[in-house]
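In: Turn this into a structure:
(4 chains)
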There are 2 protein chains.
Amino acid sequence: MARINTGSNIVSDEPSTRERLIAAAGEVFSQRGYDGATVREIVQKAGANLAAINYHFGDKASLYREALIYAHRETNARYPLATAGEGLELPEDQLREYVRMWLLRLLEDSSRPMWPMRLLARELLEPSPVLDSTILSGISVNFRRLVEICRGILGPSANEDELTHCTLCILAQGLGYLNHHQIILKLMPQMKYDRDALVGVAAYIAETQIAGLKHIRGKLERGESLPWREQMSRR
Amino acid sequence: MARINTGSNIVSDEPSTRERLIAAAGEVFSQRGYDGATVREIVQKAGANLAAINYHFGDKASLYREALIYAHRETNARYPLATAGEGLELPEDQLREYVRMWLLRLLEDSSRPMWPMRLLARELLEPSPVLDSTILSGISVNFRRLVEICRGILGPSANEDELTHCTLCILAQGLGYLNHHQIILKLMPQMKYDRDALVGVAAYIAETQIAGLKHIRGKLERGESLPWREQMSRR
DNA sequence: TGCGCATCAATACGCTTGTTTGAAACCGGG
DNA sequence: CCCGGTTTCAAACAAGCGTATTGATGCGCA
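Out: Numbering: from 1, shown residues only, chains lettered A, B, ... in the order given. Okay, here's the model as predicted:
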């Protein structure tokens, strides 16, 4: 059994074979999915040998797990949703900041390669068996942060079901732009996806949601009937 | 060259091999995707021989195309989005009806098999080469219907960009419940997906969007500044 | 100078994939 | 009854897949 390199390369600035493999795997996996990706394409993109995957990671699944963990750490470090808007007073401003970071996280085409978030987005579409509890709890933390922001806007009259659904609906709007990127461009080729456009869409989503949530809050506090309350409650 | 059966079976009520193949293919393709599906699983589920696909359709891709066309026709017949809410006076009520039909189309678990919409939803995620202009224009018609409803709520001051984005955001909320069904159940196992819950979520989405759009309309008509208007405009 | 460790090239194995083939079975009309 | 077209069948095919193995080659370090 060989001693496995931990991955960090201190002395030299050029990445090790192991690091190149993770980067190449992340790209290929994020583009073609786990099944669609082939180890031969990955090692070729990494400039490594076919046996390198077996040597460094054991098999394809373990390499995918490593790429997923890297993507999760990288994305949360760059776009810390769990603490988004914490410095702001009004829950409305917190929502604006959260949504803005959410859209940038999903779609910002920065200088760095954008495969990490695409890889995570694939897991949001169909979770793979290697999606362990660590990453899942990380996602959950980000989710609950938005729940609390919504609670601040919706007020104490809201129940957990309404908070869950309104959180899902906010997240879904941003995710739609990523997930359906291709068909959107097919139907509307003139659609822009640069950073300014993203921030604009984020501002629009936040503004409409704030107005919608305040509208709901008013109905709640006036005790008016909510047509969905009996229907969408759990159990 | 053999004479190909057209598929309709008039005298007998039991479906032909060709029909069984399309149904089985639709199920398998909708669950596993085009690449993930194997012709062996399809023919086994259809109770047919491995060579039946080659005989009736030529190859796997043509069978997929047939299943997709069937799914498109079937779904639009059952949930006619292009004319949703046409009998209603207020654009708000039209939106409520459209969103309700949209969520039912996406997620209703009726007696009939639900693979057609799942198959179409996969095409919305990553359009395949066989997605021809017929289906694409059908999607476009459904899309523009919602654009016009939003125009009715948002008023004449809205430009096409805002209409496009608000339409996308409405559709994305329903799509999110379908696309991220698995991860939602992983994070919130108590989430309900029955018909009542769907109609409830649809009512919630419609209500918040109406309030949000009216809020925007007010800003537009009062000439207030919209933070996204310069940013998200095309070109 | 040796001894692990990392990488390489090449090859092979077992398996699954979509596709093809030729023959058997079916079936209505002479 | 038999016959030609239609449909179905078991079997095989070639290609690509992940994985494993082999031996050789540097490399750094005690």
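In: and A:R222, what does it touch?
Out: Listed by Cβ atoms under 8 Å, 6 or more residues apart in numbering or on different chains, the contact set of A:R222 is empty. All C-beta spots, glycine's among them, are computed from the backbone N, C-alpha and C.
In: go on, A:E66?
Out: A:22, A:25, A:57.
In: so which helix or strand takes in it?
Out: Assessed by DSSP states H and E, A:E66 sits inside helix A:60-78.
In: what helix or strand is the closest residue in space to A:L187 that isn't next to it in sequence on?
Out: Leaving aside its sequence neighbours, A:L187 sits nearest to B:S140 (Cβ to Cβ, 6 or more residues apart in numbering or on different chains; 5.8 Å). Using DSSP H and E, B:S140 maps to helix B:133-154.
In: Buried residues in the next helix or strand after that helix, which are they?
Out: Next along the chain after helix B:133-154, taking DSSP H and E as the criterion, comes helix B:160-179. Using 16 or more other Cβ atoms under 10 Å in any protein chain shown as the test for burial, helix B:160-179 gives B:161-179.
In: coming back round to it: need the residues that contact the helix holding B:S140.
Out: A:183, A:186-187, B:68-69, B:72, B:76, B:81-85, B:91-92, B:94-95, B:98, B:120, B:123-124, B:158, B:162-164, B:166-167, B:170-171, B:210, B:213-214, B:216-217, B:220.
In: Quick check on those: which are buried?
Out: For the contacts of helix B:133-154, a neighbour count by 16+ other Cβ under 10 Å gives the buried set as A:183, A:187, B:68, B:72, B:76, B:81, B:84-85, B:91-92, B:94-95, B:98, B:120, B:123-124, B:158, B:162-164, B:166-167, B:170-171, B:210, B:213-214, B:216-217, B:220.
In: can you pull the buried residues of the worst-scoring helix or strand of chain A on mean pLDDT?
Out: Within chain A, confidence by mean pLDDT, DSSP states H and E is lowest for helix A:51-56 among all helices and strands, at a mean of 92. Residues of helix A:51-56 classed as buried: A:52-53, A:56 (neighbour count, 16+ other Cβ under 10 Å).
In: How far does that helix sit from its chain's centre?
Out: Remark: helix A:51-56 is offset 29 Å from the chain centroid, using Cα atoms, centre = their mean, to the nearest Å.
In: Show me what that helix is packed up against.
Out: Contacts defined by 3 or more Cβ pairs under 8 Å, 6 or more residues apart in numbering or on different chains; DSSP states H and E place helix A:51-56 against helix A:17-36, helix A:39-46, helix A:60-78.
In: How about chain A: which residue is closest to DNA strand C?
Out: As assessed by Cβ to the nearest atom of the strand, DNA strand C sits closest to A:T17 within chain A, at 3.0 Å.
In: how much space between that residue and A:S30?
Out: A:T17 sits 20 Å away from A:S30, taking Cβ to Cβ, to the nearest Å as the criterion.
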